[in-house]
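Asker: model the following, please.
(one chain, ligands or ions: 2)
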Amino acid sequence: MAKLFRTAIMGPPGSGKGTISKRIAQNVGLQYLSSGHFLREGIAANTDAGVLVKGYVERSMLVPDHLMSRLMLPRLEQLTGHSWLLDGFPRTIAQAKALNDICQMDLVISLNIPFETLRERVSDRWIHPASGRVYNMGFNPPQVQGRDDVTGEPLIQHADDRPEALQARLRHYKDVAKPVMNLYKKSVLLSNAEAASKPLGSLSQGILYQFSGTDTDRIWPYISSLLSTKISTQPLDTCQPSAQA
Ligand SMILES: Nc1nc2c(ncn2[C@@H]2O[C@H](COP(=O)(O)OP(=O)(O)OP(=O)(O)O)[C@@H](O)[C@H]2O)c(=O)[nH]1
Ligand SMILES: Nc1ncnc2c1ncn2[C@@H]1O[C@H](COP(=O)(O)OP(=O)(O)O)[C@@H](O)[C@H]1O
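Answerer: Ligands and ions are numbered 1, 2, ... in the order given. Below is the predicted model:
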């Protein structure tokens, strides 16, 4: 069986997760799963899950952890036999633990982008709501101003992308993401006995790689080279529950 690779990308709103994920999926041939896109698809198709999450997504509130895990984990289990990349999940420590219970992650990428850059990017961000396609008037403009490249439908801007809303989202991201990053961070090696005696939340897995900068095009070559190294040395061939679960 081909070697499988399980990875996730984290970062504040506007940090370029979607943009970089698209490049990873194109270059490495992973299955890309964006939690926001997955939820919006369910809402558009009026599925049972879509009905449950609609109120949260429309108000830009986090979907409760138990519900989020109930939706995402079966989706990931359907992808047994595929390498994948998650964007937007796990977002909280409870979600990371739930994911750990079904699968050992191989790599987590975290984007660390200055606030001023985030502010500039999201104030220039335009979205095609039906597909989630994202444009930026400077970085990747649509072919026709204000129109989606594929459907020609109008693009919109999210109220959430206003500077005041962005600041609040960023604060919230930092609070929620910190424990998740600590879980995945490189850390001192623990002996098996020490690891066994610690609660899961205090264990670090040593798979977090952080990238800082203001330009996706400058960060991308480092991510691409990390992925080539990791994928060629990746020993797993099945999705196993984490040893710490
Ligand atoms: N100017 C500029 N814009 C960029 C760069 N990288 C990405 N963008 C744009 O910045 C915006 C944010 O990028 P996304 O990929 O949507 O970021 P995200 O992290 O997925 O954002 P959320 O969905 O809010 O979590 C989009 O409009 C991108 O086109 C860059 O290097 N320079
Ligand atoms: N892992 C998650 N946990 C809880 N809610 C989530 C998660 N992922 C996505 N959502 C919900 O979907 C919405 C859209 O997510 P996303 O496309 O990642 O954009 P945003 O950057 O605005 O959070 C979020 O505002 C939230 O309501």
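
Asker: CA only for contacts and neighbour counts going forward, please
Answerer: OK.

Asker: which residues touch stretch 109-127?
Answerer: 7-17, 133-138, 146, 155-158, 161-163, 166, 208-214 (CA atoms under 8 Å, 6 or more residues apart in numbering).

Asker: how close does the most centrally placed residue in the chain get to residue 143?
Answerer: With distances taken as CA atoms, centre = their mean, residue 87 lies nearest the centre of the chain, 2.0 Å away. Distance, residue 87 to residue 143, using CA to CA, to the nearest Å: 26 Å.

Asker: sorry, back to before: which among the contacts of stretch 109-127 are in contact with ligand 2?
Answerer: Subset of these in contact with ligand 2: residue 13, counting by CA under 6 Å from any ligand atom.

Asker: hang on, the earlier thing: could you pull up phi and psi at the closest residue to the residue nearest to the centre of the chain other than its chain neighbours?
Answerer: Residue nearest to residue 87 in three dimensions, not counting chain neighbours: residue 34, with 4.6 Å by CA to CA, 6 or more residues apart in numbering. When read as degrees, to the nearest 10, the backbone of residue 34 gives phi -100, psi 120.

Asker: so residue 34 touches residue 90, yeah?
Answerer: No - Residue 34 is beyond contact range of residue 90, at 10.5 Å (criterion: CA atoms under 8 Å).

Asker: anything in the longest helix along the chain near ligand 1?
Answerer: Across the chain, the longest stretch assigned as helix under DSSP state H is helix 163-184. No - contact of helix 163-184 with ligand 1 (CA under 6 Å from any ligand atom) is absent, the minimum separation being 9.1 Å.

Asker: next one: that helix to chain centre, how far?
Answerer: Averaging C-alpha positions (CA atoms, centre = their mean, to the nearest Å) puts helix 163-184 13 Å from its chain's average.

Asker: how many neighbouring residues does residue 218 have?
Answerer: 11 (other CA atoms under 10 Å).

Asker: how much space between it and ligand 2?
Answerer: 22 Å (CA to the nearest ligand atom, to the nearest Å).

Asker: quick one: contacts of the helix or strand hosting that residue?
Answerer: Per DSSP states H and E: residue 218 is located in helix 216-233. With contact meaning CA under 8 Å, 6+ apart, helix 216-233 is reached by 5, 16, 20, 24, 211-213.

Asker: so which of those reach ligand 1?
Answerer: residue 16.

Asker: just the buried ones out of the contacts of helix 216-233, please.
Answerer: 5, 16, 20, 24 (16 or more other CA atoms under 10 Å).

Asker: which single one of those is nearest to ligand 1?
Answerer: The closest of those to ligand 1 turns out to be residue 16 (CA to the nearest ligand atom; 3.4 Å).

Asker: who's the closest spatial neighbour of that closest one, skipping the chain neighbours?
Answerer: Nearest to residue 16 is residue 216, by CA to CA, 6+ apart, at 6.8 Å.

Asker: could you do residue 4 as well?
Answerer: residue 83 is the one closest to residue 4 (CA to CA, 6+ apart), at 4.8 Å.

Asker: for that neighbour, what are its contacts?
Answerer: Residue 83 makes contact with 4-6, 30-31, according to CA under 8 Å, 6+ apart.

Asker: JSON lines for the residues you listed, including secondary structure and distance to ligand 2?
Answerer: Formatted as JSON lines, the contacts of residue 83 follow (DSSP: H, G, I helix; E, B strand; the rest coil; distance: CA to the nearest ligand atom, whole Å):
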{"residue": "4", "secondary structure": "coil", "distance to ligand 2": "22"}
{"residue": "5", "secondary structure": "coil", "distance to ligand 2": "20"}
{"residue": "6", "secondary structure": "strand", "distance to ligand 2": "16"}
{"residue": "30", "secondary structure": "coil", "distance to ligand 2": "19"}
{"residue": "31", "secondary structure": "strand", "distance to ligand 2": "17"}
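
Asker: with that, I have no additional questions.
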